[in-house]
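Asks: generate a structure from the sequence data that follows.
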Amino acid sequence: MSTTGPSRRHFFFGALLAGTVPAGGFGSVKSLPGLGYKSPNEKLNIAAIGAGGKGYSDIMGTQTENHVAFADVDDKRAERTFKQFPDVPRYKDFRQMLDKEGKNIDAVTVSIPDHMHATAAMWAMSRGKHVYCQKPLTHTVWEARELEKAAAKYRVATQMGNQGYSNEGARQCSEIIWNGDIGNVTEVHAWTDRPGHYWQQGPEIAQPEAAVPPTLDWGLWLGGAEMRPYSPAYLPIKWRGYPDFGAGAIGDMACHIMGTPNMALKLTAPTSVECIKLEGKSKSTFPGQVAIRFDFPARFNMPAVKVYWYDSLKAQPDIPGVPAGELIGDKDINGSIFIGDKGMVTTGCYGERTRLVPAAKMEDYKMPPQLLTRSPGHYRDWIRACKGGDPACSNFGVSGPFVQWMLLGVIAMRVEGKLDWDAKNMRFTNNAEANKYLHPQFKKGWKFV
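Replies: Residues are numbered from 1 along each chain as shown. Here you go, the predicted model:
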């Protein structure tokens with residue numbers, strides 16, 4: 001065999017990585033400094049849409065910058081934030097905040113229920129504000145596509161809150177696969193123990209009506225969703241189990257767990273999606289437990305691959321050829337495994353604990369050469385982009401397409417049978433009912449911009 005010409009691996013990496021790995025991240029174009037450019041030493045003025053719960057952790061994650069305004073519909077939920085930042089102006093309606101404080105705002109974090117993510121993010125971007133939006137970015141496929149287009153149109157720095165994209169283990173996993181160490185990957189299995197810990201789903205979940213707490217503006221919490229009586233069954237966090245508000249475990253955990261497969265396998269759009277197992281069907285919530293299969297075509301020099309998603313697991317999923325106990329390393333049952341024709345590699349929830357399977361294969365294993373840059377941290381990655389640096393690793397140009405294919409799984413939980421997907425025309429070709437769930441239904445008075 002000749003040792004002077006380019007290797008097969010050279011051609012593989014060339015096709016896979018060309019133009020996709022700039023010095024600081026995964027984008028191909030720098031953020032434009034014309035939009036409120038600040039030097040790395042200047043602080044951004046950040047407003048938070050959602051100041052309690054996950055909003056609090058997003059505020060803490062960006063505390064190197066100035067926080068200039070908070071919007072939260074529930075004073076009780078946001079109480080800890082308000083006490084810690086007593087001088088920051090407070091609003092219940094983020095629209096009023098953006099209108100009144102807009103001149104003082106450079107960037108916005110969006111940390112509210114899924115059904116209002118896209119509307120809040122679009123209001124901010126259309127006003128020239130950089131946006132960090134919590135996963136799953138949007139509630140519907142159409143919204144994800146619109147946010148991707150809007151980020152490019154308004155030329156703002158964006159990031160979805162799926163921290164695993166900044167995890168070194170996710171990048172190591174990608175490099176292991178790209179190095180050919182487990183061969184051609186034709187199956188991925190990803191799983192979570194949620195719902196169960198933080199919310200419930202299934203046929204026995206009741207929604208008793210109750211008086212609205214005095215600290216909560218229920219109408220603003222509903223936002224663009226149709227009016228319904230308040231129930232403690234929805235708040236806090238439990239809204240994730242309701243199709244009108246959340247996207248189930250896919251919206252909560254798949255954005256983390258399937259982030260590594262999306263990165264490592266350069267997943268594009270699937271050709272089909274199907275819910276292959278469903279238990280505990282409910283009229284009001286997502287099912288108690290599901291298994292979903294996504295079929296992806298060949299990409300770059302990679303073969304077609306099947307990606308399986310499982311939720312509500314209490315133990316390691318039963319995967320042929322995977323030894324019992326190999327995949328669970330802590331109390332959380334969350335992770336993924338890549339099955340290649342030469343071996344297997346597994347990761348944890350955020351891409352951490354990347355290792356070959358069986359574990360004995362790691363004893364003499366040497367990690368391949370580094371191909372991807374390492375992240376300064378998920379929030380810092382976005383802050384750097386806001387100040388004119390390289391695009392953040394999960395900017396809407398990356399996370400938009402990612403979320404689009406994941407949300408197809410949410411639709412598969414609601415419609416029986418295999419759904420054939422035409423990504424170009426954004427439609428299912430064999431099921432009219434499924435197409436109804438691709439777009440949101442906007443309540444009067446709530447514009448998308």
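
Asks: please, where are all the strands along the stretch 201-350 of the chain?
Replies: With DSSP state E, counting those that start in this stretch as the criterion, the stretch 201-350 of the chain has strands at 272-279, 289-296, 305-310, 335-340, 344-348.

Asks: out of the ones you listed, flag the one nearest Thr119.
Replies: strand 272-279 (25.5 Å; CB to CB). Quick note: C-beta positions are derived from backbone N, CA and C, even for glycine.

Asks: quick check: buried residues in the closest one?
Replies: Ser272, Val273, Glu274, Cys275, Leu278 (16 or more other CB atoms under 10 Å).

Asks: show the contacting residues for Glu79.
Replies: With contact taken as CB atoms under 8 Å, 6 or more residues apart in numbering, Glu79 is in contact with Gly52.

Asks: can you redo the strands of the stretch 201-350 of the chain as TSV with mean pLDDT and distance to Glu79?
Replies: Shown next, in TSV, are the strands of the stretch 201-350 of the chain (pLDDT from 0 to 100; distance: least, CB to CB, whole Å):
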stretch	mean pLDDT	distance to Glu79
strand 272-279	98	38
strand 289-296	98	35
strand 305-310	98	36
strand 335-340	96	35
strand 344-348	95	33
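
Asks: what pairs with whichever strand or helix holds Met160, parallel or antiparallel?
Replies: Assigned by DSSP states H and E, Met160 falls within strand 158-161. With DSSP bridges as the test, strand 158-161 is paired with strand 130-134 (parallel).

Asks: and the next helix or strand past the strand it pairs with?
Replies: Following strand 130-134 in sequence, per DSSP H and E, is helix 141-154.

Asks: sorry, back to before: which of the strands of the stretch 201-350 of the chain sits closest to Gly219?
Replies: Ranking the strands of the stretch 201-350 of the chain by proximity to Gly219 (CB to CB) places strand 289-296 first, at 32.2 Å.

Asks: and the angle for that closest one with strand 305-310?
Replies: 170 degrees (axes from the mean of the first three to the mean of the last three CA atoms, to 10 degrees).

Asks: before we move on, the earlier item: need the strands of the stretch 201-350 of the chain in TSV (columns: distance to Met413).
Replies: Listed next are these as TSV, based on distance: least, CB to CB, whole Å:
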stretch	distance to Met413
strand 272-279	5
strand 289-296	6
strand 305-310	10
strand 335-340	19
strand 344-348	24
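
Asks: surely Pro136 touches Val110?
Replies: No - applying CB atoms under 8 Å, one finds Pro136 not in contact with Val110, separated by 11.8 Å.

Asks: shared neighbours, the two?
Replies: Both Pro136 and Val110 are in contact with His117, where contact means CB under 8 Å, 6+ apart.

Asks: stretch 432-443: end-to-end distance?
Replies: Start-to-end span of stretch 432-443 (CA to CA, to the nearest Å) is 23 Å.

Asks: do the same with stretch 49-56
Replies: Rule used - CA to CA; the end-to-end distance of stretch 49-56 is 10 Å.

Asks: contacting residues around Gly280?
Replies: Gln201, Gly202, Pro203, Pro287, Gly288, Gln289.

Asks: how about 6 Å then?
Replies: Counting by CB atoms under 6 Å, 6 or more residues apart in numbering, Gly280 touches Gly202, Pro203, Pro287, Gly288.

Asks: try Thr347
Replies: Taking CB under 6 Å, 6+ apart as the test, what Thr347 contacts is Gly169, Cys173, Thr260, Ser336, Thr354.

Asks: quick check, pLDDT for Leu327.
Replies: pLDDT recorded at Leu327 is 80.

Asks: out of the strands of the stretch 201-350 of the chain, flag the one nearest Ala190.
Replies: strand 335-340 (4.0 Å).

Asks: flag every buried residue along stretch 415-427.
Replies: Val415, Leu419, Asp420, Trp421, Ala423, Arg427.

Asks: hmm, I was thinking of stretch 365-373
Replies: The neighbour-count check on stretch 365-373 (16+ other CB under 10 Å) flags Leu372 as buried.

Asks: how far does it stretch from one end to the other?
Replies: 21 Å.

Asks: now do it: distance to the chain's middle.
Replies: Taking CA atoms, centre = their mean, to the nearest Å, the mean C-alpha location of stretch 365-373 is offset from the chain mean by 25 Å.

Asks: and that stretch, average pLDDT?
Replies: 95.

Asks: stretch 434-449 too?
Replies: pLDDT averaged over stretch 434-449 gives 89.

Asks: equivalent analysis for stretch 183-200, please.
Replies: The model assigns stretch 183-200 a mean pLDDT of 94.

Asks: cool, stretch 392-403 as well?
Replies: Averaged over stretch 392-403, pLDDT sits at 98.

Asks: stretch 114-126 too?
Replies: According to the model, stretch 114-126 has a mean pLDDT of 97.

Asks: show me where the stretch 151-300 of the chain has its helices.
Replies: Assigned by DSSP state H, counting those that start in this stretch, the helices in the stretch 151-300 of the chain fall at 168-178, 218-222, 248-249, 255-257, 259-264.

Asks: closest to Gly52 out of those helices?
Replies: Going by CB to CB, the one of these nearest Gly52 is helix 218-222, 11.6 Å.

Asks: contact partners of that closest one?
Replies: With CB under 6 Å, 6+ apart, helix 218-222 has contacts from Val73, Lys92, Asp93, Val212, Tyr230.

Asks: let's see that with 8 Å instead.
Replies: Applying CB under 8 Å, 6+ apart, the contact partners of helix 218-222 are Val73, Asp74, Lys92, Asp93, Pro113, Val212, Met227, Arg228, Tyr230, Leu235, Lys443.

Asks: centre of the chain versus stretch 110-129, how much separation?
Replies: 15 Å.

Asks: in it, what counts as buried?
Replies: Here stretch 110-129 shows 110-125, 127, 129 as buried, counting by 16+ other CB under 10 Å.

Asks: what's the mean pLDDT across stretch 63-81?
Replies: What stretch 63-81 shows for mean pLDDT is 98.

Asks: how about it: buried residues?
Replies: Those would be 65, 67-75, 77-78, 81, for stretch 63-81 by 16+ other CB under 10 Å.

Asks: how far out from the middle of the chain is that stretch?
Replies: Using CA atoms, centre = their mean, the offset of stretch 63-81 from its chain centre is 22 Å.

Asks: over to stretch 102-115?
Replies: On CA atoms, centre = their mean, the centre of stretch 102-115 falls 17 Å from that of its chain.
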